[in-house]
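**Student:** Curious how this folds, go ahead:
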Amino acid sequence: MLLRFEEFTARPGRAAALQARLRAVPGGRLFGLWRAQIGASMNLVTRASLWPGEPPPAPERADPDVAALRLRVLRILARGETPPDPARGGIVTHRWFLLPAERVGEMVAITTEAWQGFEGDTGSEPLGLWQDRAEAAPAHVLLMTWYPSLAAWEQSRFWNAAAAGANQAQRARWGALFARRREMLLDTWVTVHGAEA
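**Tutor:** Modelled structure (predicted):
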């Protein structure tokens with residue numbers, strides 16, 4: 001299973017109209033369709049879809065509302081086949097990691113181990129880890145995570161102190177694992193999206 005990850009830059013004022021036309025993915029399965037809330041242009045519409053084989057190019061490239069399109073094809077490293085339920089609301093973060101290719105396996109192991117306590121402590125749901133097939137050195141890995149709110153995301157940052165009264169019994173363990181993961185990175189960045197799909 002592969003993830004086709006498309007970032008459409010809409011012409012000014014046309015992002016909502018474009019988003020409405022991007023829901024169909026004939027031959028594939030929609031994983032998510034988002035507009036950014038924090039960290040990216042208000043004209044950006046991101047679509048992720050799952051494909052049993054090689055995904056075709058996006059036919060919407062020729063849409064008159066599309067100013068530019070960045071297309072990536074990613075392979076699943078962990079989870080990655082169950083889309084978020086838009087009825088839950090909340091937010092979905094898209095975090096990119098750049099790291100030496102030889103450390104990807106170690107990074108996946110650390111991340112999935114941390115998830116065991118992180119999910120219960122924060123009420124979040126890591127949706128998956130994927131690796132961009134075209135970016136080998138350094139490796140580009142995408143993590144998508146659902147959070148109940150922006151405040152919940154902020155309280156889940158391992159370098160922050162837990163909020164007063166927060167019940168995060170395993171925070172020291174998953175925080176140490178995420179700190180270890182950060183040490184192997186060359187770079188990382190995140191965008192925050194509404195959980196609409």
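
**Student:** who does residue 146 bridge with?
**Tutor:** residue 92, residue 125 (DSSP bridges).

**Student:** need the contact list for it.
**Tutor:** Counting by Cβ atoms under 8 Å, 6 or more residues apart in numbering, residue 146 touches 84, 88, 90, 91, 92, 124, 125, 126, 127, 195. Just so you know, the C-beta spots here come from the backbone N, C-alpha and C atoms, and that holds for glycine as well.

**Student:** Now for residue 15, how many residues are close by?
**Tutor:** Other residues within reach of residue 15 by the criterion other Cβ atoms under 10 Å amount to 20.

**Student:** Tell me where the longest helix sits in the protein.
**Tutor:** Scanning the chain for the helix with the most residues, using DSSP state H, yields helix 104-122.

**Student:** burial of residue 144, as a residue count?
**Tutor:** With neighbours defined by other Cβ under 10 Å, the count for residue 144 comes to 25.

**Student:** Okay, and it sits in which element?
**Tutor:** Secondary-structure assignment from DSSP states H and E places residue 144 in strand 139-147.

**Student:** quick check: angle from the longest helix of the chain to strand 139-147?
**Tutor:** When axes from the mean of the first three to the mean of the last three Cα atoms, to 10 degrees is applied, the directions of helix 104-122 and strand 139-147 differ by 10 degrees.

**Student:** what's the distance between helix 104-122 and the middle of its chain?
**Tutor:** 15 Å (Cα atoms, centre = their mean, to the nearest Å).

**Student:** Check stretch 171-184 too.
**Tutor:** 19 Å.

**Student:** can you give me the strands in the protein?
**Tutor:** 2-10, 29-38, 44-51, 66-79, 91-99, 125-132, 139-147, 187-194 (DSSP state E).

**Student:** So which residues make contact with the fourth one?
**Tutor:** When contacts are defined by Cβ under 8 Å, 6+ apart, strand 66-79 is touched by residues 1-11, 18, 43, 54-55, 57-58, 60-61, 104, 108, 111-112, 126-134, 141-142.

**Student:** Among the contacts of residue 146, find the lowest-pLDDT one for me.
**Tutor:** Lowest pLDDT among the contacts of residue 146: residue 195, with 65.

**Student:** In stretch 113-127, which residues are buried?
**Tutor:** 114, 115, 117, 118, 119, 121, 122, 124, 125, 126, 127 (16 or more other Cβ atoms under 10 Å).

**Student:** returning to that earlier point: of the contacts of strand 66-79, keep whichever come out buried.
**Tutor:** So, by 16+ other Cβ under 10 Å, the buried ones in the contacts of strand 66-79 are 2-10, 18, 43, 55, 58, 60, 104, 108, 111, 126-132, 141-142.
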